[in-house]
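Chemist: Need coordinates for the following:
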Amino acid sequence: MSQKYTIARLVVGGEKFEVMVNPDRALDYKMGKPVPISQLLIYETIFRDVGKGEKASEEKLKKAFGTLDPQKIAKTILERGEVLLTTEQRRKLIEDKRKQIVNFISKHCVDPKTGLPHPPLRIEQAMAEAHISVDPFKDAEEQAKQVIQALRPILPLKIENVELEVVIPPRFAPSSYSTLKAFGTVKRERWLQDGSLSAVVELPAGLQPSFIEKLGSLTKGSAQVKKLS
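Modeler: Next up is the predicted model:
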């Protein structure tokens, strides 16, 4: 398919309606970006079949959409229908979504035998071995939960959160607080008389090693970390 345009398509009452759209702008629109319809349409024409150059009849347009306004009809087609992605668009979207899924699993799951997260490369290899298909438009977290179930016969996985009690010396407490929130949920916090910060942080078990490493770097190894659960 030409890279200059692609097709957005919707079937209503058994009738197919198509519009020619700019590939990149149409994809941006489908991903929720504010792109004016006028800027993504190649032609303000509603087709029955773009490939054959057949236009949809006014009668069928009126019946299906209640209007003959091409921009209003195109908006409905884009919102309710599908955009035929170019090969490069599909490849990039799938790869980005795959990385999001792998990242989620690496953060939220551990090997039940060791209590440690699996490296991302091992998760990617297991997904390939299990022939996991990635939907470029479906929510990454929702897909990740399904992928976890599919991977368990190949890769032992356990979703687990941990609670860590952290005490940060006065010198580093203010600058470290944002790190606590970035890694997890601060469930309790208390500023001690000497200015130290005592907090309980809940975070995915897979993030525990990198959290401790980051905290150690920020506090020059002076932070105290104790696992509660």
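Chemist: who touches stretch 153-166?
Modeler: Residues outside stretch 153-166 that contact it (CB atoms under 8 Å, 6 or more residues apart in numbering) are 105, 108-113, 118, 122-123, 126, 129-130, 148, 151, 180, 187, 197-205, 208, 211, 215, 223-229. Where you see a C-beta, it was placed from the backbone N, CA and C, and this is true even at glycine.
Chemist: Correction: the previous question concerned stretch 214-228.
Modeler: 162-169, 171-172, 175-176, 179, 183, 200, 208, 212.
Chemist: In helices, which of those appear?
Modeler: When those are checked against helices (DSSP state H), the matches are 175, 176, 179, 183, 208, 212.
Chemist: What score does the fifth one have for pLDDT?
Modeler: As summarised for this prediction, residue 208 has a pLDDT of 87.
Chemist: Quick check: the gap between it and residue 201.
Modeler: To residue 201, residue 208 is 10 Å away according to CB to CB, to the nearest Å.
Chemist: so where's the chain uncertain?
Modeler: Residue ranges of the chain with pLDDT under 70: 1-3, 229.
Chemist: Now do the helices in it.
Modeler: Using DSSP H, the helices found in the chain span residues 23-30, 37-40, 58-65, 70-80, 87-108, 120-129, 140-151, 173-183, 208-218.
Chemist: Give the burial count for residue 185, as a bare number.
Modeler: 12 (other CB atoms under 10 Å).
Chemist: Does it touch residue 204 like I think?
Modeler: No. Contact criterion CB atoms under 8 Å: residue 185 and residue 204 do not qualify, at 10.4 Å.
Chemist: what's residue 29 in contact with, if anything?
Modeler: Here residue 29 is in contact with 35, 37, 40, 78 (CB under 8 Å, 6+ apart).
Chemist: Need those residues in a markdown table (columns: neighbour count and distance to residue 23).
Modeler: Formatted as a markdown table, the contacts of residue 29 follow (neighbours: other CB atoms under 10 Å; distance: CB to CB, whole Å):
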| residue | neighbour count | distance to residue 23 |
| --- | --- | --- |
| 35 | 19 | 12 |
| 37 | 20 | 15 |
| 40 | 23 | 9 |
| 78 | 22 | 13 |
